[in-house]
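> How does the following fold in three dimensions:
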Amino acid sequence: MRRPSFPEGGAFLPAPFAAQRRKLENRLIEIIEEYGYHEIATSVFLYADQIERVLPSSIFEQSYKLTDRFTGRTILIRPDITLQVAKLVATLPDMKFPLKLSYSGKVFRDQTNHTGKSREQKQVGAEFFGSNDPSDIFNFIKKIASMLSIPIKLISIGNGAAIRRIINDLHSGKSEAVKAVASRDKPTLKKILTENDYNLISKSLDIYDRSTIKNIENLPTLTKPEAKELRTVFDLLSGKFKNSDIIFDGADIGRFFYYDGLTFSFYSKDGKEIASGGEYGTLMKMFGKPMDAIGVAINLDNLFMTIKNLTISHDLEEI
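Modelled structure (predicted):
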C-alpha cells in the first residue's frame, strides 16, 4: 500500500491527519510546560520598522510583505517567532528573570521548495531568558522522542561565535558570506574575506565529525570558554542520548542570523531535522536588554511526518 503524500511543508492535511497533528502539537506544549515554560501567543503580522535594525537584508527579502493601507507602513508576515518573543521580553516592564516562555505557530519565508525548505512551517518552541543552560531543552526533547518512540539518530552541535564575529565586521557581503559558510563554499569566501580570516574559517569548514570533540580546545576559531562549553554540552548529550551519533559541525552558525554561540540540531533516523536551536544573547542586547538567552524550535511538520511514516510531495494530484 502506497504511503500518503502531502504538499511541501504540511500546509494541507486531510482528515484524520490534521486532527492528529493538532493533538501532537498540544501534547508537545504540555510536555514543555512540565519544565516550567509558560505559553504565549504572538501575532502573525509585525511592522518591519519595529525590527528592521536587527533584521538582516537577506531575511527581509525572504519575508512576505504587505502594505498597511492606513499608515503606508510595511507589514511582514511572521518570518520568525523567536524575534517576536525576544522583543516582547526586552520591552515589557517588570519582567522577572530567569524567564521561560513557549509558543506554537507558523512562520512564513519566501524560499523555493527545491532547496528542501518549506515556505510555511509549523513550530513549537521554547525560549529561556536570563540563562544559556540547554539542560531543560535536551531533557524535554529526550522525553518527546521517548514518548513518540522516535530514535534521535544524529545530534549536531557547533559554536559559530567566531565566524559570526568575522562576518559581522564585514562592510559588505555579509549575507553572501553567511550563505557561503552554510554551503561550505570556500571560493566565494576567499573573494569576500581577508586572507587571515579566510584561513581561520576555512579550517572550521573542514570539520564535521565526532572525533574532533576530543581536541576541540585546539580549534583556532574558538575561545577557551567556548571550547569548554562545547565539551560540556557534548558530555551532557552523550549521557542523555546514548544511542545517538553526536558530531561537531565547524560550519554551524545556526539556522537563523541571531545565534551567537552554542548551536544544536536533532535529526531522526530518516534524516529529518526534528528540532534546532542555540544561544542568542547578542539579540537581546540589540533590543536593549542585555542577558543570556537560549531557545529551540521543534519542526512540527517534520516530527509529524516522521511518526506517521508519511512522505511529502509537491504534486497535489497525488493526494
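
> going forward, measure contacts and count neighbours with C-alpha atoms only.
Fine.

> List the contacts of Ala48.
73-76 (C-alpha atoms under 8 Å, 6 or more residues apart in numbering).

> Is Val107 located within a strand, as I assumed?
Yes: per DSSP: H, G, I helix; E, B strand; the rest coil, Val107 lies within a strand segment.

> Surely it and Leu76 touch.
No: between Val107 and Leu76 there is no contact under C-alpha atoms under 8 Å: 10.8 Å.

> so what's the backbone phi/psi at Thr74?
Main-chain torsions, Thr74, degrees, to the nearest 10: phi -80, psi 130.

> That one bridge partners, please.
With DSSP bridges as the criterion, Thr74 is bridged to Thr67.

> That one: neighbouring residues, count only.
15 (other C-alpha atoms under 10 Å).

> so what pLDDT did it get?
Looking at Thr74, its pLDDT reads 95.

> residue ranges for the helices of this protein, please.
Ranges of helices in the chain, per DSSP state H, are 17-33, 48-51, 57-62, 81-91, 135-148, 161-168, 174-182, 186-192, 195-205, 224-240, 281-286, 300-307.

> Name the surrounding residues that touch the first one.
Helix 17-33 has contacts (C-alpha under 8 Å, 6+ apart) with 39, 102-104, 124, 126, 140, 143-144, 300, 304.

> pLDDT on it, on average?
Averaging pLDDT along helix 17-33 yields 95.

> pretty sure Phe129 is touching Lys289, no?
No: using C-alpha under 8 Å as the test, Phe129 is too far from Lys289 to be in contact (10.3 Å).

> out of the contacts of helix 17-33, who's nearest Thr282?
Relative to Thr282, the closest of the contacts of helix 17-33 is Ala126; by C-alpha to C-alpha it sits at 17.8 Å.

> for the closest residue to Val44 other than its chain neighbours, what are its contacts?
Leaving out its chain neighbours, the residue that sits closest to Val44 by C-alpha to C-alpha, 6 or more residues apart in numbering is Arg78, at 5.1 Å. With contact taken as C-alpha under 8 Å, 6+ apart, Arg78 is in contact with 43-46, 63-64, 106-108.

> now do Lys174
Counting by C-alpha under 8 Å, 6+ apart, Lys174 touches 167-168.

> And the pLDDT for it?
Listed pLDDT for Lys174 reads 82.

> quick one: the residue nearest to Val44 and Ile51, what's the gap?
Using C-alpha to C-alpha, to the nearest Å, one gets 11 Å for the distance from Arg78 to Ile51.

> cool, and Ser183?
Look at Ser183 and Ile51: by C-alpha to C-alpha, they are 27 Å apart.

> Low-confidence stretches in the protein?
Along the chain, segments meeting pLDDT under 70 span 1-11, 112-117, 209-215, 217-218, 255, 310-319.

> Swap in 50 and give it another go.
Low-confidence segments of the chain, defined by pLDDT under 50, span residues 1, 9-10, 113-115, 312-319.

> Understood, closing this out.
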